[in-house]
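Trainee: sharing a model that was predicted from the sequence below.
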Amino acid sequence: MTPGERTYIDTGEVVRVPDAKIALSTASVYPERTPDAFELASRLGYDGVEIMVGQDPVSQDVEVLERLRDHYELPILAVHAPCLLVTQRVWGRDPWAKLLRAQHAAERLGAQTVVVHPPFRWQRDYARDFEVGLARMRQETDVVFAVENMFPLRARGNEVVPYAPDWNPVDYDFPQVTLDLSHTAVSGSDAMEMASKLGDRLAHLHLADGVGTTNKDEHLVPGRGVQPCAQMLERLATAGYRGLIVLEINTRRATSRSERIDDLAEALAFARLHFAASSTT
């Protein structure tokens, strides 16, 4: 057993649970706001939160985030940089300045990881220097920059890749990667094979599900799609994974707050149930 690992005995079998934190992305409560994510994560028993820096002013304000963290006694474990299409103007338009601001926010908030997407293809200068620039930033901080897998877009039999150098960071020289299981559904990727190729480079897991609908990033509650969510968690537990597991699900179609809470509770229960390994493996 490694330091921090927990063991449980059930029907005579010892089950090992690595000491990896399970967090809630603040994006998972949309259209509710960042403070609501803290409230629900605390109420449901999540280990912390990942801040999706977006249109919500609270998500952009480090001082307010500090107060929320302290009020709910809930750590901020990761910061997702504002690199979505809908957040192109959040924290300015310079992608390097935005990433540096995400780093500084993570340092101040005590977060261990900054999640970042590959550059958009039209961000030519940023894309050209992305690998070298990230490597330079890593030398100046203990914060981990985990580059997330995205997906191509398809139309009329053609495939368009809006990211550079690619939507898939697995084959590039990024020391840390975020693996998103909703994105693997859209891209039609083998998530287990990607995890195997990444090995110890897999530093961050966005746990969600999908059925693989073309161009639709679904972020379903784990277990409601076709992605190997349970197998992924069991594999990571067997390997003694020490990175972060973040539930990043879409609850915007919930017909009531109670339904949203039920979805968030189900997602957490799924993660806790399957993030375990038999001591005999």
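Mentor: All right, it came through fine.
Trainee: ok, now which ones touch the residue positioned nearest the centre of the chain?
Mentor: With distances taken as CA atoms, centre = their mean, H206 lies nearest the centre of the chain, 3.5 Å away. H206 makes contact with 25, 115, 148, 178-183, 246, 248, according to CB atoms under 8 Å, 6 or more residues apart in numbering. Every C-beta, even on glycine, is put in place using the N, C-alpha and C of the backbone.
Trainee: again with D47
Mentor: D47 touches 21-23, 75, 77, counting by CB under 8 Å, 6+ apart.
Trainee: hmm, try it at 7 Å
Mentor: 21-23 (CB atoms under 7 Å, 6 or more residues apart in numbering).
Trainee: in strands, which of those residues fall?
Mentor: When these are checked against strands (DSSP state E), the matches are 22-23.
Trainee: need the contacts of D47 in JSON lines with pLDDT, can you?
Mentor: Formatted as JSON lines, the contacts of D47 follow (pLDDT from 0 to 100):
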{"residue": "K21", "pLDDT": "97"}
{"residue": "I22", "pLDDT": "98"}
{"residue": "A23", "pLDDT": "99"}
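Trainee: just the contacts of D47 now: which is nearest M192?
Mentor: When these are compared for distance to M192 (CB to CB), I22 wins out at 19.9 Å.
Trainee: so for D10, what's the pLDDT?
Mentor: pLDDT for D10: 52.
Trainee: wait, which of the contacts of H206 is closest to A195?
Mentor: L179 (6.2 Å).
Trainee: any idea how far H204 is from that closest one?
Mentor: 7 Å (CB to CB, to the nearest Å).
Trainee: which other residues reach the top helix by length along the chain?
Mentor: Using DSSP state H, we find that the single longest helix of the chain is helix 257-274. Contact with helix 257-274 is made by 22, 24, 28-29, 40, 44-46, 207, 221-223, 230, 233-234, 245, 247, 249, 251, 254, as judged by CB under 7 Å, 6+ apart.
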